[in-house]
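K.L.:
Predicted model, plus sequence, below.
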Amino acid sequence: MGLVRGPLGRLRASSRNPRSARSPGRFPAGGIRLRALLNIALAGAVLGWLYWGEGGLFGCWTFHALWNFTLAALALPVSGMTFGPPLLSTGIAGAGLPFLSGGAFGPEGSILSTAGLAAVLAFLIRRSTRRLPSGYAEPR
């Protein structure tokens, strides 16, 4: 049983809206778009580079905890999940343009997060003092 016929096939079959499974760039599970998956992968790369560069989990844990706390404190969706009333009132009403706001998935699905995470990853790579193992290309 392959990946498409197994878990992904069941996910597709269980979609409430049969058209959502066929629309390009969209998965049938609650508002997740390819951009959101790209951002999740970029966040994983940032956390991985923090772990590799610092040699421990403290930087990764701190970055992840501050990110999630900030989103929840502003009553913004965290990976598509919403929480209670905001701790900090910002006056933000509605999601706005899904391309910029991330839509129902929240800021983690926005193009602004893509740019921000790519910039953080580039910064971490540039300031890294550890050398890559031989066989990998050195950044110029």
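P.N.:
That came in fine, so what should we check first?

K.L.:
Going along the chain, name the helices of this structure.
P.N.:
For the chain, the helices defined by DSSP state H cover 7-13, 34-54, 58-73, 98-101, 111-127.

K.L.:
ok, and what's touching the second one?
P.N.:
Applying C-beta atoms under 8 Å, 6 or more residues apart in numbering, the external contacts of helix 34-54 come out as 25-27, 57, 59-60, 63-64, 67, 79, 102, 105, 108-111, 113-114, 117-118, 120-121, 124-125, 128-130. No exception for glycine: its C-beta is placed from N, CA and C like everyone else's.

K.L.:
hang on, the earlier thing: as a markdown table, the helices of the chain with mean pLDDT and distance to residue 87 would be great.
P.N.:
As requested, the helices of the chain are exported to a markdown table (pLDDT from 0 to 100; distance: least, C-beta to C-beta, whole Å):
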| stretch | mean pLDDT | distance to residue 87 |
| --- | --- | --- |
| helix 7-13 | 50 | 34 |
| helix 34-54 | 91 | 23 |
| helix 58-73 | 90 | 4 |
| helix 98-101 | 81 | 20 |
| helix 111-127 | 92 | 21 |
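
K.L.:
related to what we said a few turns ago, just the buried members of the contacts of helix 34-54?
P.N.:
Among the contacts of helix 34-54, those classed as buried by 16 or more other C-beta atoms under 10 Å are 27, 59-60, 67, 79, 102, 105, 108-111, 113-114, 117, 120-121, 124.

K.L.:
Which among the helices of the chain is found nearest to residue 83?
P.N.:
With C-beta to C-beta as the criterion, residue 83 lies closest to helix 58-73 of these, at 4.9 Å.

K.L.:
Give me the buried positions along stretch 72-83.
P.N.:
Within stretch 72-83, the residues scored as buried using 16+ other C-beta under 10 Å are 72, 75, 76, 77, 78, 79, 80.
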